[in-house]
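[1] take a look and give me a structure for this.
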Amino acid sequence: MVIVLASASPRRRELLARLGVPFEVVVSGVDESDASATEAEALTIELAERKARAVAALRPDRLVLGSDTVVELDGRILGKPASPAEALAMLQDLRGRTHRVSTGVVVLDPATGTAHRGAAMTAVTMRHVPDAELIAYVATGESMDAAGAYAIQGGAGAFVTRVDGDLDTVIGLPTALVRTLLTAAGVAVPAA
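    The predicted structure follows:
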């Protein structure tokens, strides 16, 4: 069974490919700015489901997998930065501290309307990174397409001193959760 990944993220594509499930990609184009949930896990599930439902309208014959990731620091949600200045401010707030990264996943069956939902959380600690390093990192452009303004699998990996939880959650697709939700939806996921 071929599923549809409702995401433009190359990182999510790579992680889903590791599960050995055939899939195609259809970008949802969902506006993430008007979400109603305020708690990290609920917000990621809400946005993941919106993405899945938008794509399901285009591909009603396939299971659709939607996902969303946010960073939470002291109860404040950090999504993707809107500008390099905002990216730098986010990174300055995160440095020297521990924050939570939450990724929500929804597997939607458009034929039945059934949605399997879940979220995973990982705690990430960054060292106290000097401004010069943060400015250089933001200048690479990598921070502009990532929740919390950093990609742990990229240049910002050098900022991280500790990860408590699943690294895939931080990258953007918790594969253990995806395996569980796909199995619940009837997809035969190859053994790990």
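
[2] residue boundaries of the helices in the chain?
    Under the criterion DSSP state H, the chain contains helices at 10-18, 40-58, 84-94, 131-139, 167-171, 175-184.

[3] dump these to JSON lines, plus mean neighbour count, mean pLDDT and distance to V2.
    In short, each C-beta sits where N, CA and C put it, glycine included. Shown next, in JSON lines, are those (neighbours: other CB atoms under 10 Å; pLDDT from 0 to 100; distance: least, CB to CB, whole Å):
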{"stretch": "helix 10-18", "mean neighbour count": "17", "mean pLDDT": "94", "distance to V2": "12"}
{"stretch": "helix 40-58", "mean neighbour count": "22", "mean pLDDT": "94", "distance to V2": "13"}
{"stretch": "helix 84-94", "mean neighbour count": "19", "mean pLDDT": "97", "distance to V2": "36"}
{"stretch": "helix 131-139", "mean neighbour count": "16", "mean pLDDT": "97", "distance to V2": "37"}
{"stretch": "helix 167-171", "mean neighbour count": "23", "mean pLDDT": "96", "distance to V2": "22"}
{"stretch": "helix 175-184", "mean neighbour count": "18", "mean pLDDT": "95", "distance to V2": "12"}
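
[4] how about the ones you listed in CSV, adding distance to T122?
    As requested, the helices of the chain are exported to CSV (distance: least, CB to CB, whole Å):
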stretch, distance to T122
helix 10-18, 14
helix 40-58, 11
helix 84-94, 14
helix 131-139, 20
helix 167-171, 4
helix 175-184, 11
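
[5] can you tell which of the ones you listed is closest to V124?
    helix 167-171 (6.0 Å; CB to CB).

[6] contacting residues around M126?
    L94, R95, G96, R97, H99, F159, V160, T161 (CB atoms under 8 Å, 6 or more residues apart in numbering).
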